[in-house]
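A.B. asks: dropping the sequence and predicted coords here.
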Amino acid sequence: MFQKKTRAGALTAVVAAAALVLTGCAVDSGTDGGGSTDGGDSANLAITFLPKNLGNPYFDTSSAGAKEAITEFDGTFAEVGPAEATPDAQVSYINTLTQQGVGAIAVSANDPEAICDALNEARDAGIKVVTFDSDTNAECRDLFINQATAEGIAKVQVDEITEQIGDEGEIAILSASANATNQNAWIELMKEELAANHPNVKLVDTVYGDDDDQTSFDKTAALLQTHPNLKGIISPTTVGIAAAARYLSTSEYKGKVALTGLGTPNQMREYVEDGTVTSFALWNPADLGYLAAYASKALIEGEITGEEGDSFEAGKLGDYEVGADGVVLLGDPYVFDAENIGDFDF
Ligand code: RAM
């Protein structure tokens, strides 16, 4: 099945999850005093990260990786973002960054289309736009830093759930927000994989927890009530799977309804240890932020334009090449279970 990554971007066993305490809208000041240009040359290495929403440990970790990279090359890191992951919640932040004249915006999009006009205005003003984690339409950004192929991410989750339920019975999906580009791409491919290779497994429902903990918790409860024969849940979001695990862990369904998807080891550890969850998958969000930061730098400095075949250096992760449609691939998903979860800290 899925092997450990062997390339330079291998999942590091210990990732320091930086204590970014993120509230409200604007967050971390830069690493060189908050100016918009990097002293010494003309490159404007002020790079602002704009996650789907704040308060999600996944994005805290990706931002910690970005900050590490930006500190290495002496740029200015910042993070801003909305409280809720709604389709156009990011627009006002993009407009403000355009006015401020940052060098690059690195964004995980809540919607493939809703932020496009704002991003293209930023680009018209000379700002480089990198999507990471969740893409926009390709014409609204210079590069997409993809954590793993959508096919690979879909397949690992289908493999895990079908194995856990004996390859038959009803399953449901608890997703993030309804417009999220990344989850929607994965869900489509999961449906294809189920139809092609798991004829006895029936996907009976897909619900949306909006990457909000309480909403995800409530949607889990509702799913289990609505579908008394449910044998498994896939939650392809770190917020959703943690909330679903918390619900299951104290319910009559613990150990009876399987749960897998995409989670962070630190949020899922107690549920693996108490038997609520057998396994789940993810990549290293810190590496994703780190790579997005180096890609932003390469764009800002004119080393690359985002053309297929462009290559750039990404610090400790090594060299990366831009593939078709301006996509840079981080690596493979990784499966966490009781045997290995103790090796990870993020
Ligand atoms: C949540 C977000 C993010 C996704 C992960 C797996 O943190 O929805 O976009 O990539 O889950």
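C.D. replies: The structure has been received and is ready for your questions. Numbers count the residues shown, from 1 in each chain.
A.B. asks: drop to CA atoms for contacts and neighbour counts, all remaining ones
C.D. replies: OK.
A.B. asks: and Thr181, how far from the ligand?
C.D. replies: Using C-alpha to the nearest ligand atom, to the nearest Å, Thr181 is found at 9 Å from the ligand.
A.B. asks: going forward, count from 41.
C.D. replies: Okay, using 41 as the starting number, the last item reads as Thr221.
A.B. asks: quick check: pLDDT value at that residue.
C.D. replies: At Thr221, the model reports a pLDDT of 98.
A.B. asks: Ala378 contacts Phe320, doesn't it?
C.D. replies: No: taking contacts as C-alpha atoms under 8 Å, Ala378 lies outside contact range of Phe320: 10.2 Å.
A.B. asks: and those two? Which one has more around it.
C.D. replies: Phe320 (27 against 15; other C-alpha atoms under 10 Å).
A.B. asks: how about the more buried one, what does it touch?
C.D. replies: Contact partners of Phe320, counting by C-alpha atoms under 8 Å, 6 or more residues apart in numbering, are Gln197, Glu200, Thr300, Gly301, Leu302, Gly303, Val375, Phe376, Asp377.
A.B. asks: now a PyMOL select for only the buried ones of the residues you listed.
C.D. replies: To isolate the buried ones among the contacts of Phe320 in PyMOL, judged by 16 or more other C-alpha atoms under 10 Å, type:
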select buried, resi 197+200+300+301+302+303+375+376+377
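A.B. asks: and the contacts of Phe320 near the ligand, which?
C.D. replies: For the ligand, the contacts drawn from these by C-alpha under 6 Å from any ligand atom are Leu302.
A.B. asks: save the contacts of Phe320 as JSON lines, and put in pLDDT and secondary structure too.
C.D. replies: Putting these into JSON lines (pLDDT from 0 to 100; DSSP: H, G, I helix; E, B strand; the rest coil) gives the following:
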{"residue": "Gln197", "pLDDT": "98", "secondary structure": "helix"}
{"residue": "Glu200", "pLDDT": "98", "secondary structure": "helix"}
{"residue": "Thr300", "pLDDT": "98", "secondary structure": "strand"}
{"residue": "Gly301", "pLDDT": "98", "secondary structure": "strand"}
{"residue": "Leu302", "pLDDT": "98", "secondary structure": "strand"}
{"residue": "Gly303", "pLDDT": "98", "secondary structure": "coil"}
{"residue": "Val375", "pLDDT": "98", "secondary structure": "strand"}
{"residue": "Phe376", "pLDDT": "98", "secondary structure": "strand"}
{"residue": "Asp377", "pLDDT": "98", "secondary structure": "strand"}
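A.B. asks: show me what whichever strand or helix holds Tyr133 is packed up against.
C.D. replies: Using DSSP states H and E, the element containing Tyr133 is helix 131-140. For helix 131-140, the elements it packs on are helix 156-164, judged by 3 or more C-alpha pairs under 8 Å, 6 or more residues apart in numbering; DSSP states H and E.
A.B. asks: helices and strands around the next helix or strand after the helix it packs on, which ones?
C.D. replies: Scanning forward in sequence from helix 156-164 by DSSP H and E, the next helix or strand is strand 168-172. When contacts are defined as 3+ C-alpha pairs under 8 Å, 6+ apart, strand 168-172 packs onto strand 144-147, helix 156-164, strand 183-186, helix 325-340.
A.B. asks: how about these in TSV, adding mean neighbour count?
C.D. replies: Below are those laid out as TSV (neighbours: other C-alpha atoms under 10 Å):
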stretch	mean neighbour count
strand 144-147	28
helix 156-164	19
strand 183-186	26
helix 325-340	27
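A.B. asks: which among those is found nearest to the ligand?
C.D. replies: helix 325-340 (8.4 Å; C-alpha to the nearest ligand atom).
A.B. asks: distance of the residue of the stretch 191-340 of the chain found nearest the ligand from Ile227?
C.D. replies: Across the stretch 191-340 of the chain, the shortest distance to the ligand (C-alpha to the nearest ligand atom) belongs to Thr277, at 3.4 Å. Remark: distance between Thr277 and Ile227 (C-alpha to C-alpha, to the nearest Å) = 11 Å.
A.B. asks: tell me the residues of the stretch 141-290 of the chain that contact the ligand?
C.D. replies: Asp173, Ser174, Ala216, Pro276, Thr277, Thr278, Val279.
A.B. asks: please repeat the previous calculation with a cut-off of 8 Å.
C.D. replies: 148, 173-174, 216-217, 220, 222-223, 251, 276-280 (C-alpha under 8 Å from any ligand atom).
A.B. asks: and the helices and strands packed on strand 168-172 as JSON lines, adding mean pLDDT and distance to Val120?
C.D. replies: Listed next are those as JSON lines, based on pLDDT from 0 to 100; distance: least, C-alpha to C-alpha, whole Å:
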{"stretch": "strand 144-147", "mean pLDDT": "98", "distance to Val120": "10"}
{"stretch": "helix 156-164", "mean pLDDT": "98", "distance to Val120": "15"}
{"stretch": "strand 183-186", "mean pLDDT": "98", "distance to Val120": "19"}
{"stretch": "helix 325-340", "mean pLDDT": "98", "distance to Val120": "14"}
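A.B. asks: how about JSON lines for those, with distance to Glu292 added?
C.D. replies: Output for these, formatted as JSON lines (distance: least, C-alpha to C-alpha, whole Å):
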{"stretch": "strand 144-147", "distance to Glu292": "40"}
{"stretch": "helix 156-164", "distance to Glu292": "45"}
{"stretch": "strand 183-186", "distance to Glu292": "38"}
{"stretch": "helix 325-340", "distance to Glu292": "33"}
